[in-house]
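[1] I need the structure of the sequence given here:
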Amino acid sequence: MTTTEHSPAVPAPVPLRLARQRFLAGRPLPEGVPEEIVAAWRRARFYGVPHDLAAGAPGPVQRVDSALLGAARPVLERITPALGAGRSLLVLTDERLRVLWTAGSGLGIQPCPDLSEQQVGNNSAALALRTRRRAEVHGPEHFLDRWQDVSAVSVPVFAPESGQALGTVTVAWQLCTGCAPHPGAALAEAVVTAVEAALLARARQAERVLLDAYLRAAQGPDRAVAALDGRNRLVSSAAQRMLTPQALEALERAAVAVQQRDVPVAAALPQGAGCTVRVTAVRHEGVVIGIVAVVEPLGEAVRPVPQPPVTLTGSSVPWRYATGRAAELARSREPLLLTGERGTGKAALARELLGERTPRIVDAAEGSELDLAHVELTDDHALLLRHAERLVQPGVAALNSLLDAHPDARLLVTYTPGAPPGPCLQRLLDTLAARSVTLPALRERPEDIRELLTVLAPRPAPGRPPLTWTLDALRALEQYPWPGNVTELAHVVRAVAEDRRASGPVRRAELPDPVREGPATRHLSPMEHAERTTILEALRRNGGNKARTAASLGIGRATLYRKLRGYRG
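    Have a look, this model is predicted:
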């Protein structure tokens with residue numbers, strides 16, 4: 001498996017050098033030159049890039065203040081000694097391909113303030129940002145004369161939560177012919193992984209600052225307060241009753257605008273919102289990270305919000321993304337497919353999405369027959385179909401017929417991937433694929449376990465303290481892979497609460513043997529390590545959705561599940 005984007009396999013460097021010389025001279029090119037390389041040369045000529053662009057006098061890279069540079073600088077400074085004294089370079093750019101940081105010596109890249117194609121022609125950083133994957137450019141594939149003896153590999157850096165491209169990391173050194181992958185590819189991948197981890201840590205710290213600001217503003221009896229940063233929404237119960245979805249979207253736009261432009265906060269609510277807001281910017285380390293809005297009623301009664309937000313336990317990024325996406329899709333009157341491993345909470349989420357509607361529930365695992373010929377699906381009588389993977393042929397056919405006749409039916413379907421589906425069931429899944437959400441497994445959101453423990457613990461007997469856990473026990477719970485997901489965690493919590501006789505926090509020794517001893521691990525080969533990193537990165541970019549991840553990697557879903565199981569040993 002590879003996610004590398006590079007100029008296709010080319011003849012030996014000498015023929016490619018000759019082709020470039022003919023291109024620059026306006027002479028016919030020899031046969032066999034990859035069209036992608038010729039197209040890159042043509043773009044450089046169109047942009048007016050001089051092929052003999054001078055290197056210029058060496059000088060310090062202009063430092064541009066940015067969140068990426070702030071998170072990356074400690075990582076890059078630790079990596080720099082690994083470059084050694086050889087002719088190698090490590091370069092960081094932002095999303096506009098401006099060079100933010102560089103270390104190393106030689107090769108003619110250091111003085112470049114900008115690596116965009118408009119300025120320097122074809123290069124690995126521009127290619128990586130355009131294709132959103134690792135990219136390599138070697139020797140004569142470059143347009144500039146001074147890079148004819150350079151091989152470079154670049155890896156894009158993505159925002160851990162939004163998946164937005166923030167910049168690139170490039171490793172460059174002397175031309176290496178026939179090297180695949182680039183010898184510096186592992187270093188570039190490692191740097192990007194460390195930088196994205198630092199970005200995620202900073203994001204979580206900013207989230208805590210936003211949460212603290214929200215809690216301070218929400219002090220008092222039933223105060224209507226909302227805190228937003230463009231990704232997260234913290235809304236008190238009183239604010240939920242007063243703010244319409246359109247008003248929340250207006251506040252979210254204001255939060256994004258104040259972060260991007262650092263302008264005075266201004267939030268204009270839609271006409272007829274029935275309330276006013278007093279907005280304050282929240283800062284962290286001198287940078288605006290979001291807003292806090294205090295909501296006040298205007299006039300008499302305020303129309304309640306028709307669709308309550310999803311409040312199932314969990315604040316991790318994969319869980320918030322999945323539940324937020326499901327809530328967004330559930331607002332329209334069309335079918336919705338919820339997929340995920342057993343025990344991830346698909347049915348619970350489906351019931352919450354339906355709100356006060358009373359659904360007709362059909363569970364294929366219980367052998368219920370799907371006689372849908374006379375079922376009327378309305379806003380008040382939706383259909384919740386559980387365990388679609390257990391449907392027999394007549395049931396699948398009936399459901400396909402229903403969707404053909406009523407493509408906008410109020411229908412929620414839960415599906416647990418497993419054995420390859422038959423043709424009829426596959427047709428049903430394909431029909432619902434455009435409106436599907438995959439819930440992440442519990443092992444993919446271990447930071448939610450501590451919140452779940454509080455919710456899953458049974459209510460203590462009168463006079464007894466609530467169930468608490470030692471740090472050692474919490475670490476064991478967070479490291480266990482939970483093949484049964486939240487359902488399995490609930491069984492463990494209930495069993496521990498019922499069987500224990502000791503007082504005080506639950507110790508690691510009281511946990512079941514598999515949880516206490518931890519998962520078995522095995523040594524991964526370098527190829528498996530690289531493959532695992534690629535898969536986890538793709539999962540993160542796709543919000544934990546395994547179907548989209550498999551499609552983006554060019555593999556089947558069954559292959560993806562098999563590989564993930566194999567990495568867990």
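[2] Could I get the full set of strands for the stretch 51-200 of the chain?
    Using DSSP state E, counting those that start in this stretch, the strands of the stretch 51-200 of the chain run over 88-94, 99-104, 134-138, 150-158, 165-174.
[3] My error: substitute the stretch 201-350 of the chain in the last question.
    Along the stretch 201-350 of the chain, counting by DSSP E, counting those that start in this stretch, strands occupy 225-228, 233-235, 275-284, 287-297, 336-339.
[4] helices or strands up against the fourth one?
    Secondary structure elements in contact with strand 287-297, counted by 3 or more C-beta pairs under 8 Å, 6 or more residues apart in numbering; DSSP states H and E, are helix 185-217, strand 225-228, helix 237-242, helix 245-261, strand 275-284. For the C-beta atoms, the positions are set from N, CA and C on the backbone; glycine is no exception.
[5] sorry, back to before: in JSON lines, list the strands of the stretch 201-350 of the chain along with distance to Leu452 and mean neighbour count.
    Listed next are the strands of the stretch 201-350 of the chain as JSON lines, based on distance: least, C-beta to C-beta, whole Å; neighbours: other C-beta atoms under 10 Å:
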{"stretch": "strand 225-228", "distance to Leu452": "23", "mean neighbour count": "26"}
{"stretch": "strand 233-235", "distance to Leu452": "19", "mean neighbour count": "21"}
{"stretch": "strand 275-284", "distance to Leu452": "28", "mean neighbour count": "17"}
{"stretch": "strand 287-297", "distance to Leu452": "26", "mean neighbour count": "21"}
{"stretch": "strand 336-339", "distance to Leu452": "19", "mean neighbour count": "24"}
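[6] Out of those, which gets the lowest mean score?
    Among the strands of the stretch 201-350 of the chain, strand 233-235 carries the lowest mean pLDDT, at a mean of 79.
[7] Check which helices and strands it sits against.
    For strand 233-235, the packing partners by 3+ C-beta pairs under 8 Å, 6+ apart are helix 185-217, strand 225-228, helix 245-261.
[8] Of those, which stretch is the most buried?
    Stretch with highest mean neighbour count among these: strand 225-228 (a mean of 26; mean count of other C-beta atoms under 10 Å).
[9] Show me the beta-bridge partners of the nearest residue to Ser436 once chain neighbours are set aside.
    In this structure, Ser436 finds its nearest non-sequential neighbour in Leu337, 3.9 Å apart by C-beta to C-beta, 6 or more residues apart in numbering. Beta bridges link Leu337 to Val413, Ser436, judged by DSSP bridges.
[10] Report the contact partners of Leu337.
    Contacts for Leu337 (C-beta atoms under 8 Å, 6 or more residues apart in numbering) come out as Ala388, Val413, Thr414, Tyr415, Leu429, Leu432, Ala433, Arg435, Ser436, Val437.
[11] quick one on the thing from earlier: please name whichever of the strands of the stretch 51-200 of the chain is nearest to Glu498.
    Nearest of these to Glu498, taken as C-beta to C-beta: strand 150-158 at 44.9 Å.
[12] That closest one pairs with which strands, and in what direction?
    If you go by DSSP bridges, strand 150-158 pairs up with strand 134-138 (antiparallel), strand 165-174 (antiparallel).
[13] In JSON lines, list the ones you listed along with distance to Leu349 and mean neighbour count.
    Converted to JSON lines, those look like this (distance: least, C-beta to C-beta, whole Å; neighbours: other C-beta under 10 Å):
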{"stretch": "strand 134-138", "distance to Leu349": "35", "mean neighbour count": "26"}
{"stretch": "strand 165-174", "distance to Leu349": "30", "mean neighbour count": "24"}
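[14] can you put those strands in CSV and add distance to Val396?
    Below are the strands paired with strand 150-158 laid out as CSV (distance: least, C-beta to C-beta, whole Å):
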stretch, distance to Val396
strand 134-138, 41
strand 165-174, 41
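[15] Of all those strands, which one is nearest Pro514?
    Of all the strands paired with strand 150-158, strand 134-138 sits nearest to Pro514, with 37.4 Å by C-beta to C-beta.
[16] Give me the distance from the closest one to the chain's centre.
    The chain centre lies 24 Å from the centre of strand 134-138; the measure is C-alpha atoms, centre = their mean, to the nearest Å.
[17] mean confidence for it?
    Mean pLDDT, strand 134-138: 91.
[18] Point out where the stretch 301-450 of the chain drops to low pLDDT.
    Within the stretch 301-450 of the chain, the segments meeting pLDDT under 70 span 301-311, 356-358, 367-381.
[19] Number of residues surrounding the closest residue to Asn545 other than its chain neighbours?
    Leaving aside its sequence neighbours, Asn545 sits nearest to Thr438 (C-beta to C-beta, 6+ apart; 4.4 Å). Neighbourhood size, Thr438 [other C-beta atoms under 10 Å]: 26.
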